[in-house]
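Participant: kindly generate the corresponding structure for this input.
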Amino acid sequence: MHEKITKYRIELAIGLLGFLLVLQYMHSSRDTLATNRMFASTIAPIYRVFGAQISPRWDIAAWQFTRTSGEIDARETALTISSSIVNRSNEPLPYPLILVSLTNRFEDIIGRRIVKPAEYLTNNVDPNKFIATGRPFTATIAIQKPSTETTGFKLNVCYESRGSTARCNIENFKN
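Facilitator: Take a look at the predicted model:
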């Protein structure tokens with residue numbers, strides 16, 4: 001009888017340790033797992049209850065700029081940038097943040113700003129939806145009163161990261 005209880009306790013301890021190991025793996029991989037919709041809808045709310053932030057590691061290299069143009073209005077008080085961006089990932093992705101860097105004639109960055117989807121999407125597009133694989137969208141960005149030194153711009157896609165920072169795809173900077 002005593003051996004059965006001991007065996008049961010050992011099996012219970014092994015099961016509990018295995019469960020804790022799975023939880024530890026999920027916790028250490030939470031940013032990658034957060035890209036899975038099932039995980040995001042079930043486990044992510046638990047993290048939010050405890051005030052922990054989860055920053056999904058979306059594939060920022062999957063975005064491709066296909067057509068970009070910039071126009072300054074007649075009074076030279078606003079720069080409007082329009083860019084067509086395509087999701088080349090194997091899975092749907094949320095709309096990215098767009099880093100706009102203004103440059104001078106020497107290609108030096110003289111100003112930059114991160115633009116959120118709600119700011120660059122037009123025609124009542126829902127910024128919380130995902131973009132299907134191969135689907136393009138148009139980002140329209142208005143910059144009021146750009147510096148007189150501004151001669152160009154660069155665009156980059158980013159996603160939010162922990163600590164209110166952004167993780168950007170520097171390799172695919174668009175001039």
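Participant: all helices for the chain, in order.
Facilitator: Applying DSSP state H to the chain gives helices spanning 2-28, 30-33, 37-42, 44-49, 117-120.
Participant: save these as JSON lines, and put in distance to residue 157 and mean neighbour count too.
Facilitator: C-beta: built from backbone N, CA, C; applies to glycine. Supplementary listing: the helices of the chain in JSON lines, determined by distance: least, CB to CB, whole Å; neighbours: other CB atoms under 10 Å:
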{"stretch": "helix 2-28", "distance to residue 157": "26", "mean neighbour count": "10"}
{"stretch": "helix 30-33", "distance to residue 157": "17", "mean neighbour count": "16"}
{"stretch": "helix 37-42", "distance to residue 157": "20", "mean neighbour count": "12"}
{"stretch": "helix 44-49", "distance to residue 157": "22", "mean neighbour count": "11"}
{"stretch": "helix 117-120", "distance to residue 157": "11", "mean neighbour count": "17"}
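Participant: save the ones you listed as TSV, and put in distance to residue 150 and mean pLDDT too.
Facilitator: Output for the helices of the chain, formatted as TSV (distance: least, CB to CB, whole Å; pLDDT from 0 to 100):
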stretch	distance to residue 150	mean pLDDT
helix 2-28	44	88
helix 30-33	36	78
helix 37-42	39	77
helix 44-49	40	82
helix 117-120	18	98
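Participant: so which of these is nearest residue 166?
Facilitator: Nearest to residue 166, of all these, is helix 117-120, at 13.1 Å by CB to CB.
Participant: hmm, who's touching that closest one?
Facilitator: Here helix 117-120 makes contact (CB atoms under 8 Å, 6 or more residues apart in numbering) with 94-98, 127, 139-141.
Participant: what about residue 95, how many neighbours?
Facilitator: Other residues within reach of residue 95, judged by other CB atoms under 10 Å, total 24.
Participant: name the nearest residue to it, sequence neighbours excluded.
Facilitator: Leaving aside its sequence neighbours, residue 95 sits nearest to residue 117 (CB to CB, 6 or more residues apart in numbering; 3.7 Å).
Participant: from residue 111, how far out is the one you found?
Facilitator: For residue 117, the distance to residue 111 (CB to CB, to the nearest Å) stands at 21 Å.
Participant: kindly report the same for residue 168.
Facilitator: Counting by CB to CB - residue 168 and residue 111 are separated by 16 Å.
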